[in-house]
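S.K.: Have a look; sequence and predicted model below, questions after that.
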2 protein chains.
Amino acid sequence: MMLGGIEAGGTKFVCVVGTGPDDIRAELRVPTTSPRETLAAALQFFHAQQAVHGPLDALGIGSFGPVDLHPASERFGYITSTPKPGWANTDLAGVFRRGLGVPVAFDTDVNAAALGEWRYGAARGLDTFLYLTVGTGIGGGALVDGRVLHGLVHPEMGHVRVARDHRVDPFAGACPFHGDCLEGLASGTAMAARWGRPAHELPTAHPAWTLEAHYLAQALQGFVCTLSPQRIVMGGGVMDQPQLLPRVRHELQTLLHGYIQAPELLREIDAYVVPPTLGRRAGALGALVLAERVVV
Amino acid sequence: MMLGGIEAGGTKFVCVVGTGPDDIRAELRVPTTSPRETLAAALQFFHAQQAVHGPLDALGIGSFGPVDLHPASERFGYITSTPKPGWANTDLAGVFRRGLGVPVAFDTDVNAAALGEWRYGAARGLDTFLYLTVGTGIGGGALVDGRVLHGLVHPEMGHVRVARDHRVDPFAGACPFHGDCLEGLASGTAMAARWGRPAHELPTAHPAWTLEAHYLAQALQGFVCTLSPQRIVMGGGVMDQPQLLPRVRHELQTLLHGYIQAPELLREIDAYVVPPTLGRRAGALGALVLAERVVV
């Protein structure tokens, strides 16, 4: 069996050929510029790999969104209403299905990353958990009872609202759709706009991190009350700051205030809100799990 | 087959004997006072029914909470940390298992109501949906892919946080655990405390309803972004005000701002946020569905 996987992110595409973390035959990272440029590079990569390894049995794609996941829809496999210039109404699955002549599995980038962490990483053996990425944007994917959560469309966890104090944080918010939703206040984009420099350049003691932990913990508190995940895995570039995760845990406990009496939320919080173990490959490895499921 | 069902609510217990909505043989409604008093009345009711109809095949209980739903836990079937006086650490399932000598299925009151509306009511045929009750307290239950959502513990949707403007609403909040969480700001208890009279006595034009719709819609917006339900069923005493539901729908659309391009959230919103069709019996009928699943 030979599979292809794509993590189609808003910043870059990660394309892999192989069967799992110990068997990656080739990898391509290409910036997400225009659909024409980025998709051509990805197609070329897979064509070249097929010339070496033979035809792929299936391709899995985890894409930034919103995307259309309804198998019966005319626009299944499309990126739909994204604010990312040039990418709205892109038939992502179709381009690869036609271009490579293989079955294509399609889901959101964060659902793919959740699948990857569930199969190979920080969420192994769990039934119900949440993967949240905090980077350029903020997105969440979930498994419930061992199945990827879809529902009406798919979760859009970055766009939940959080309470804010305008006196402490007068920043208007950076989300083009909602202004001051979670993504609008706490994404890497929002941090850069509010503080005038990228998150990774802000010193550890900068008040930015207190505010960031506060917003993220509020969102987690809502997710815990709504989904009751057995664990929360937090990835993405903004989470690379080592001081952030402990603060988020502490603030989450403050907000929950002992109401939900599960040891995981009380003395075991360090094992409850955790970093991913697959690092930057979670999405692409999850895309391989997606692919595996559609091999004919 | 003869089943028993209990909706164990914070205000009253609804006990039924039968097999479904068209076959309810007997019904008891008893106020939730002390465990000793209320449980004795319920046990007496089921004993009397067994004398007439013969032994029950199983009993289902949907209880107010928080409750312990881990089958492996020593406190499975208990009400755990509830603020309701006298009811913390009550072995609800055990009392009926021992008292009636029948298999007992146990879940939250709102999960039971969700199951009832899914089998017989407003959510028939759906895979993923949400049931929210707005009464003395606020609680939510969900089915995901046709299965009751549990996770780490169970959802506590009434305790999500909502954004508020202290200048518009200086009320401190009525939740003993979180102050101004959703339940603390928008439950019947909160409304009565803020406005000095019960919700049902507030006139249609009272500003209370604008505020109430605003808080409820905020919570729904978060649930939509997190769970992506195919429909939201809203029950409970506070929702009996006919002007409230249309306002909640309108405000939800304003908050979503067209980001999630599903017809259900755009032109079909009236069929997306709906009242329950089983009325006050949803929980007890759902408890019968729970019971059915443990018949040996």
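M.R.: Now that the structure is in, tell me what you want to look at. Numbers count the residues shown, from 1 in each chain, chains lettered A, B, ... in the order given.
S.K.: Can you report how many residues neighbour the nearest residue in space to residue A:239 that is not next to it in sequence?
M.R.: With Cβ to Cβ, 6 or more residues apart in numbering or on different chains as the measure, residue A:134 is the residue that lies nearest to residue A:239, at 5.3 Å, once sequence neighbours are left out. (Each C-beta comes from the backbone N, C-alpha and C, glycine too.) Taking other Cβ atoms under 10 Å in any protein chain shown as the criterion, the count of residues near residue A:134 is 29.
S.K.: Distance-wise, check residue A:134 relative to residue A:250.
M.R.: With distances defined as Cβ to Cβ, to the nearest Å, the gap from residue A:134 to residue A:250 amounts to 17 Å.
S.K.: and if you look at residue A:132?
M.R.: The spacing between residue A:132 and residue A:250, counted by Cβ to Cβ, is 17 Å.
S.K.: same question, residue A:64
M.R.: With distances defined as Cβ to Cβ, the gap from residue A:64 to residue A:250 amounts to 31 Å.
S.K.: more neighbours, those two?
M.R.: Shown here are residue A:64 and residue A:250; by other Cβ under 10 Å, residue A:64 has more neighbours (24 against 14).
S.K.: Let me see the backbone angles for the more buried one.
M.R.: Backbone torsions of residue A:64, given as degrees, to the nearest 10, read phi -60, psi 160.
S.K.: So it sits against residue A:79, correct?
M.R.: Yes: in this structure residue A:64 lies within contact range of residue A:79 using Cβ atoms under 8 Å: 7.0 Å.
S.K.: Common neighbours of these two, please.
M.R.: residue A:87 (Cβ atoms under 8 Å, 6 or more residues apart in numbering or on different chains).
S.K.: And for the spatially most central residue of chain A, nearest residue in space, chain neighbours not counted?
M.R.: Nearest to the geometric centre of chain A sits residue A:110, at 2.9 Å (Cα atoms, centre = their mean). Once its chain neighbours are removed from consideration, residue A:110 has its nearest residue in residue A:141; the separation is 3.5 Å (Cβ to Cβ, 6+ apart).
S.K.: same thing with residue A:194?
M.R.: Spatially, and ignoring its direct neighbours in sequence, residue A:194 is nearest to residue A:171 (4.3 Å; Cβ to Cβ, 6+ apart).
S.K.: Against residue B:114, how distant is residue A:203?
M.R.: Residue A:203 sits 48 Å away from residue B:114, taking Cβ to Cβ as the criterion.
S.K.: So for the two, which residue has more residues nearby?
M.R.: Here residue A:203 and residue B:114 are compared on neighbour count by other Cβ under 10 Å; more neighbours surround residue B:114, at 33 against 7.
S.K.: check which helix or strand covers the more buried one.
M.R.: Assigning secondary structure by DSSP states H and E places residue B:114 in helix B:109-120.
S.K.: Show me what that helix is packed up against.
M.R.: On a contact count with 3 or more Cβ pairs under 8 Å, 6 or more residues apart in numbering or on different chains; DSSP states H and E, helix B:109-120 meets strand B:3-8, strand B:58-63, strand B:129-134, strand B:138-144, strand B:147-148, strand B:232-235, helix B:282-292.
S.K.: Put together a markdown table for those, with mean pLDDT on each row.
M.R.: Conversion of those to a markdown table gives the following (pLDDT from 0 to 100):
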| stretch | mean pLDDT |
| --- | --- |
| strand B:3-8 | 98 |
| strand B:58-63 | 98 |
| strand B:129-134 | 96 |
| strand B:138-144 | 96 |
| strand B:147-148 | 94 |
| strand B:232-235 | 97 |
| helix B:282-292 | 97 |
